[in-house]
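Colleague: Show me how the following folds:
(one chain, ligands or ions: 1)
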Amino acid sequence: MTKNSVLISEVGPRDGLQNCKAIMPTEDKKAWISALAAAGVKEIEVGSFVSPKLLPQMADTGEIVRHAVGIDGLEVAVLVPNLKGAQLAVEAGADKITLPLSVSETHSLRNIRRTHDQVIEEAEAIADLLSSLPKEQRPHFEGSLSTAFGCTLEGPIDDAIILRNAERLMAAGCDEVGLSDTTGYGDPVSMKRLIRAVRAVVGDDHLTGVHLHNTRGLGLANVLAAYEEGITTFDSSLGGLGGCPTAPGASGNVVTEDLVFMFESMGVDTGIDLEALMATRDMVSAALPEEDLYGFTPRAGLPLGFKGAAVSVAAE
Ligand code: ZN
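Modeller: Coordinates of the predicted model:
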């Protein structure tokens, strides 16, 4: 990652689709993921290995991962709640595994039915599994600190709890930790403060990504604050799909189209062709006609003369 570029990690096929009532057919998912990659998206969280009884939208994750790993140059990420999920992820050939540890223990119990101690045990077991693999087959392993900026069930979470869990995830064998504003409670000041606090504990290189929701409209402001702190990986979702089942009215993740527009306008390269990215909205609408798609840039269109970062940087 050069100073003037960021990695946009598209989480729509996971965070987005798992919050949709209707189930996107497997072939439509494959076509959408391929189109996103063709638009220049370099990392996609394509699904999660959870019980299909709990989340039938994710039942085809194995098949989706197998499709996505065949796309040249694409980092294929998945969410796993436990060791069993990690085993399936490894079998399917995923490049990156994210284990969520909700710093709100109440939410952790509701979300993956595990206490903090139990999540750490899963992290250790996953790390053992990964270290038994040849290096080139070993997926990157992230522990994601979710509800880090507050929880709809517990409210604000003590920094001490967040920092202790960040430390424990690293000690358990994660390659890095991420910060997730699952509920859209964060603001630019809390963003900077918590990034600095967690980095002081785990080291700058072990916190490089954030996962932000736009529930209260602060998504892009929070992204910019995180970018100014040196964060280089940003999760977002096409059309702002996604949300939180316990926060009615939540408008989901940061909108990928607006996020790419912001960075490209600033001269920060995302590698993504915005027109091609926006064209994939039609694929989602066709497959999920009931879902609302958000985003300002797709509605307004690109400004006259807009060229994007790669072109303007090259011209400097
Ligand atoms: Zn999320």
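
Colleague: Surely residue 14 is in a strand?
Modeller: No - per DSSP: H, G, I helix; E, B strand; the rest coil, residue 14 lies outside any strand segment and is helix.

Colleague: Mind listing the residues bridging to the most centrally placed residue in the chain?
Modeller: Closest to where the C-alpha atoms of the chain average out (Cα atoms, centre = their mean) is residue 235, at 3.8 Å. Residue 235 has these beta-bridge partners by DSSP bridges: residue 9, residue 211.

Colleague: List the residues that contact it.
Modeller: Counting by Cβ atoms under 8 Å, 6 or more residues apart in numbering, residue 235 touches 9-11, 15, 45, 180, 209-212, 253-254. The C-beta positions use only the backbone N, C-alpha and C, and glycine is treated the same way.

Colleague: Next one: it from residue 302, what distance?
Modeller: In this view, residue 235 and residue 302 are 23 Å apart by Cβ to Cβ, to the nearest Å.

Colleague: From residue 13, how far out is the residue nearest to residue 5 when sequence neighbours are not counted?
Modeller: Leaving aside its chain neighbours, residue 5 sits nearest to residue 269 (4.1 Å; criterion: Cβ to Cβ, 6 or more residues apart in numbering). Distance of residue 269 to residue 13, given as Cβ to Cβ: 23 Å.

Colleague: Comparing the two, which residue is more hemmed in?
Modeller: residue 13 (30 against 20; other Cβ atoms under 10 Å).

Colleague: Skip the chain neighbours and tell me the closest residue to the more buried one.
Modeller: residue 46 (4.9 Å).

Colleague: SS state for that neighbour?
Modeller: Residue 46 ends up strand, using three-state DSSP.

Colleague: Residue 12 is in contact with that one, correct?
Modeller: No - taking contacts as Cβ atoms under 8 Å, residue 46 lies outside contact range of residue 12: 9.6 Å.

Colleague: residues near the residue nearest to residue 68 when sequence neighbours are not counted, how many?
Modeller: The shortest distance from residue 68 to any non-neighbouring residue, by Cβ to Cβ, 6+ apart, is to residue 76 (4.4 Å). Residue 76 has 26 neighbours, counted by other Cβ under 10 Å.

Colleague: secondary structure class for residue 76?
Modeller: With three-state DSSP as the criterion, residue 76 reads strand.

Colleague: can you confirm residue 145 is in a strand?
Modeller: Yes - Residue 145 sits within a strand when classified using three-state DSSP.

Colleague: Break down the protein into its strands, ranges please.
Modeller: 7-10, 43-48, 75-79, 96-102, 140-146, 176-181, 209-212, 233-236 (DSSP state E).

Colleague: Before we move on, what's the pLDDT of the residue nearest to the centre of the chain?
Modeller: At residue 235, the model reports a pLDDT of 98.

Colleague: now do residue 210
Modeller: For residue 210, the predicted pLDDT is 98.

Colleague: so what's it up against?
Modeller: Here residue 210 is in contact with 178-181, 191, 195, 222-223, 226, 231, 233-235 (Cβ under 8 Å, 6+ apart).

Colleague: how much space between it and residue 6?
Modeller: Residue 210 sits 11 Å away from residue 6, going by Cβ to Cβ.

Colleague: again, but for residue 310
Modeller: 13 Å.

Colleague: any residues in contact with both of those two?
Modeller: Contacts common to residue 310 and residue 6, judged by Cβ under 8 Å, 6+ apart, are residue 269.

Colleague: any weak-confidence spans in the chain?
Modeller: Residue ranges of the chain with pLDDT under 70: 1-3, 244-251, 311-316.

Colleague: What residues of stretch 21-39 count as buried?
Modeller: Neighbour-count burial for stretch 21-39, counted by 16 or more other Cβ atoms under 10 Å, picks out 23-24, 29-37, 39.

Colleague: Contacts for that stretch next, please.
Modeller: Under Cβ under 8 Å, 6+ apart, the answer for stretch 21-39 is 10, 12-13, 17, 44, 46, 56-57, 60, 63-64, 67-68, 71, 73-74, 238, 272-273, 276-277, 279-280, 283-284, 286-288, 290-291.

Colleague: Tell me the gap between that stretch and the middle of its chain.
Modeller: 16 Å (Cα atoms, centre = their mean, to the nearest Å).
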